[in-house]
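Chemist: Based on what follows, work out the 3D shape:
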Amino acid sequence: MKKQVVSVSILQNAKVMAALYFAISLPFTLLMTIPALMGQGQGAGFSIVMLVLMPFLYTLIGFVFTLVGAWVYNVIAARIGGFEFTTAEVGK
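Modeler: Residues are numbered from 1 along each chain as shown. You can find the predicted model right below:
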């Protein structure tokens with residue numbers, strides 16, 4: 001049986017993706033903290049600030065791009081149709 005996704009929830013998808021972007025950015029931030037803490041001079045302070053801000057900036061950017069992407073998908077899907085996929089019943 002073929003199904004077609006004709007519309008997606010813009011805000012809900014953006015919220016979910018923002019949470020995923022935040023969760024994904026945390027391990028990278030922790031790994032990048034090690035070299036930043038070893039740094040010397042003026043650049044080290046800037047690096048620490050950026051490491052603290054990075055998960056939040058990554059989350060915000062992910063939210064905005066998903067919001068726009070979901071909106072664009074809905075506009076395009078309304079004109080030419082959405083993604084099609086085939087479903088099958090699966091036993092427990």
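
Chemist: before we move on, what SS does residue 11 have?
Modeler: With DSSP: H, G, I helix; E, B strand; the rest coil as the basis, residue 11 sits in helix.

Chemist: how far away is the residue nearest to it when sequence neighbours are not counted from residue 15?
Modeler: Nearest non-adjacent residue to residue 11, counting by CB to CB, 6 or more residues apart in numbering: residue 67, 7.2 Å away. In short, each C-beta sits where N, CA and C put it, glycine included. Shown here: residue 67 relative to residue 15, a distance of 9 Å by CB to CB, to the nearest Å.

Chemist: And those two? Which one has more around it.
Modeler: Using other CB atoms under 10 Å as the criterion, residue 67 and residue 15 rank with residue 67 on top: 17 against 14.

Chemist: Distance from the chain centre to the helix or strand containing that one, please.
Modeler: Assessed by DSSP states H and E, residue 67 sits inside helix 42-80. In terms of CA atoms, centre = their mean, to the nearest Å, the gap separating the centre of helix 42-80 from the centre of its chain is 7 Å.

Chemist: ok, now stretch 8-17?
Modeler: How far stretch 8-17 lies from its chain's middle: 10 Å, per CA atoms, centre = their mean.

Chemist: Buried residues, that stretch. List them.
Modeler: The neighbour-count check on stretch 8-17 (16 or more other CB atoms under 10 Å) flags 8, 10, 13-14, 17 as buried.

Chemist: ok, those residues vs residue 83, which is closest?
Modeler: Top of the list for closeness to residue 83, among the buried residues of stretch 8-17 and by CB to CB, is residue 8 at 9.6 Å.

Chemist: and the closest residue to residue 36 other than its chain neighbours, how far is that from residue 59?
Modeler: Spatially, and ignoring its direct neighbours in sequence, residue 36 is nearest to residue 47 (3.9 Å; CB to CB, 6+ apart). The gap separating residue 47 from residue 59 is 20 Å, by CB to CB.
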